[in-house]
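# I need the structure of the sequence given here:
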Amino acid sequence: MSTDITLADIVVIAAAEAFRGDGEIFASGMGTIPMLGARLARATFESDLLVSDGEAFFIGNDLPLGSSDKVIEGWIPFRSVFDTAWGGRRHVMMGASQIDRFGNSNIANIGPWKQPKVQLLGVRGGPGNTISHATSFFIPKHSTKVFVEKVDMVSGLGYDRAAQLGDIVKSHHRLQRVITNLAVLDFETASHTMRLLSIHPGVSVDDVITNTSFVLDIGSDVPISRAPYELELATLNRLDPRGLRHREVA
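Model prediction:
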């Protein structure tokens, strides 16, 4: 990897690639790298994406993180977010404190529900997101504590549970990507179990296996996650002038 390209750059590119082919839908990034991924995708290869300022407006320009110098493209008040989400016209990239092989995710608590060891956010929008529209995940530290055999609390539906709920849920349920500091993963297998899609530069397949509690679907030749092109890197630096992405991954 070039000394000018950092792991954070690779991860943001992977986040942007999760939105490739989405077209004119609401791209929601929860957190610094997911937000940069959505904005970078819109600024480069996926220009029809609708990206919000995190408040109440869709933005019509390449808005740097923390900047208020925005061109307003549309209005997206909180009540409209739900209308958009329930209609399936959204792709959110959120976090997960635990995730299993089918994509069931947990952001609520660690340990038994009745007496958890750690209380987290609560289920929040996890159920509605995963039932209603495409969902991806950014996990800054890939470990066996996060990639677990069974989540302690199901906050977001994986493919096994979605299948049990029938065609109404399956028509909108789509887990697109899982992006970590080690790799990019998806669920594009016959059984919709998690697959190792690529590894980041300097990471081995064994590194990913060691830090995952369940068996991954792994092909015979796992590629290296791509680096940003020159234009993408210039755009990324413009979107993140303070380098906030470098605080997210080592």
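# per-residue confidence averaged over the helix or strand hosting Ala234?
Element membership of Ala234 [criterion: DSSP states H and E] is helix 230-239. In this model, helix 230-239 has an average pLDDT of 97.
# Run the chain-centre distance for it.
Mean C-alpha position of helix 230-239 versus that of the full chain (Cα atoms, centre = their mean, to the nearest Å) differs by 20 Å.
# cool, and stretch 102-113?
In this view, stretch 102-113 has its centroid 17 Å away from the chain centroid, taken as Cα atoms, centre = their mean.
# ditto for stretch 228-240
19 Å.
# list the buried ones in it?
Residues of stretch 228-240 classed as buried: 228, 232-233, 235-236, 239-240 (neighbour count, 16 or more other Cβ atoms under 10 Å). C-beta here means a position set from N, CA and C on the backbone, and glycine is covered the same way.
# Which of the residues you listed sits closest to Glu73?
Leu239 (16.4 Å; Cβ to Cβ).
# so that closest one touches Leu40, yeah?
Yes: counting by Cβ atoms under 8 Å, Leu239 does reach Leu40; the two are 6.2 Å apart.
# quick revisit: which neighbouring elements make contact with the helix holding Ala234?
On a contact count with 3 or more Cβ pairs under 8 Å, 6 or more residues apart in numbering; DSSP states H and E, helix 230-239 meets helix 7-17, helix 32-43.
# contact partners of stretch 93-101?
With contacts defined as Cβ atoms under 8 Å, 6 or more residues apart in numbering, stretch 93-101 is touched by 15, 18, 28-31, 34, 37-38, 105-107, 110, 120, 125-126, 129, 135-139, 145-152, 156, 158, 177-179, 193-194, 214-216.
# okay if I get the helices and strands packed on helix 230-239 as a markdown table plus mean pLDDT, mean neighbour count and distance to Leu49?
What follows is these, written out as a markdown table (pLDDT from 0 to 100; neighbours: other Cβ atoms under 10 Å; distance: least, Cβ to Cβ, whole Å):
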| stretch | mean pLDDT | mean neighbour count | distance to Leu49 |
| --- | --- | --- | --- |
| helix 7-17 | 98 | 25 | 10 |
| helix 32-43 | 97 | 25 | 4 |
